[in-house]
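>>> sequence-free structure coming up:
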DNA sequence: AGGTAAAAAAGAATATTATTCCCTAAATCC
DNA sequence: GGATTTAGGGAATAATATTCTTTTTTACCT
């Protein structure tokens, strides 16, 4: 999937795209000082190789009635089937992230819902998944930063 | 900032944009059965009102040498200056998220680095921030789902 | 080194899209 | 119910995406 090597120009392009996913190809070309056709080919290869996974529109979740964010740790019974639990958790639309973590067999999930009542309903649904033993939620009061942008250094090739 | 009311059409547009932030305005217009100019006006207003916060290009962090994700809980001294700690944490490029959480005065931060050695270096830097008492990191072994997409129901207006 | 092959970039031409403007229709407000 | 505001449609224009061809660069191999 990733046979090509990433060079300085790729990193520059990726930084620009991470800053603003809606930037035009022509604009990238101007910024990096290359022809639009050349940049298009780069972006295309980055997409095909899986370096670029996609583009997301970031919405204001508070304004859309999802003002409550919580991180819930979910302990599951040890043994087989652990992956299946993760899949089931990922199916919930209010579950934004599902991470299987080291330590005691458990998942860390990020949940985004309307209010505490909705959180309670979601936790109840978690409980119906067979191997789930117990859950432990941490409510977010303020989010200072939330991003997926990875600044990529590209000074030296 | 948010005076206009969101209707069914807005929600449809937001769902399409969340699925693929790179989709063209013309394509959205075709999907929702409206003129491109009308859709453009909607998207423009959604952007101006802050409902649409921006667009991000999602990159493959593993392929770019940031294969290690960790959630670190950071306890800080109670009292003033707590917000400043959050700001300082947010300045680190390897810190993707900073959440101030309920319970014992603490932050939950999501960190994305190359390896455990880099994580150690980052934790050491956290320690240099004055009010930081101690940190507790949870290493992510597998990420099943990671998204910011909020599916918005739009059946009834 | 030299010469060949492969890859990348430039440039031009075309298709598609973004964007503006104006007009019409619809909703809203006294 | 009429005036005013707001949203949608349609056409025209500007900008962009995309393709194709040519040129240049890079890499490779003996």
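Here it is on my side, so go on. Everything numeric here is computed off the predicted structure, so don't read it as measured data.
>>> Please name every helix or strand in contact with the helix or strand in which residue A:145 is found.
Per DSSP states H and E: residue A:145 is located in strand A:132-146. Counting contacts by 3 or more CB pairs under 8 Å, 6 or more residues apart in numbering or on different chains; DSSP states H and E, strand A:132-146 packs against strand A:68-76, helix A:116-127, helix B:82-91, strand B:95-101, strand B:106-113. Heads up, the C-betas are built off the backbone N, CA and C, glycines and all.
>>> go again using 6 Å as the cut-off
Here strand A:132-146 touches strand A:68-76, helix A:116-127, helix B:82-91, strand B:95-101, going by 3 or more CB pairs under 6 Å, 6 or more residues apart in numbering or on different chains; DSSP states H and E.
>>> Could you tell me the angle between it and strand B:106-113?
Relative orientation of strand A:132-146 and strand B:106-113, computed by axes from the mean of the first three to the mean of the last three CA atoms, to 10 degrees: 80 degrees.
>>> can you list contacts of strand A:132-146?
With contact meaning CB atoms under 6 Å, 6 or more residues apart in numbering or on different chains, strand A:132-146 is reached by A:69-76, A:123, A:126, B:86, B:90, B:97-102.
>>> Check stretch A:79-99 too.
A:76, A:100, A:107-113, A:122, A:129, A:131, B:140, B:143-147, B:151.
>>> wait, does the host helix or strand of residue A:10 contact DNA strand C?
Using DSSP H and E, residue A:10 sits in helix A:8-19. Yes. Using CB under 7 Å from any atom of the strand, helix A:8-19 reaches DNA strand C at residue A:9.
>>> is that helix anywhere near chain B?
Yes. Under the criterion of CB under 6 Å from any CB of the partner chain, chain B is reached by helix A:8-19 at A:14, A:17-18.
>>> Tell me how far that helix lies from the chain's centre.
Computed by CA atoms, centre = their mean, to the nearest Å, the chain-centroid distance of helix A:8-19 equals 18 Å.
>>> Give me the pLDDT for residue A:2.
Note on residue A:2: pLDDT of 43.
>>> want to try JSON lines for the helices and strands packed on strand A:132-146, with mean pLDDT, mean neighbour count and distance to residue A:46 as columns?
Shown next, in JSON lines, are the helices and strands packed on strand A:132-146 (pLDDT from 0 to 100; neighbours: other CB atoms under 10 Å in any protein chain shown; distance: least, CB to CB, whole Å):
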{"stretch": "strand A:68-76", "mean pLDDT": "96", "mean neighbour count": "21", "distance to residue A:46": "31"}
{"stretch": "helix A:116-127", "mean pLDDT": "97", "mean neighbour count": "15", "distance to residue A:46": "36"}
{"stretch": "helix B:82-91", "mean pLDDT": "90", "mean neighbour count": "17", "distance to residue A:46": "27"}
{"stretch": "strand B:95-101", "mean pLDDT": "97", "mean neighbour count": "22", "distance to residue A:46": "20"}
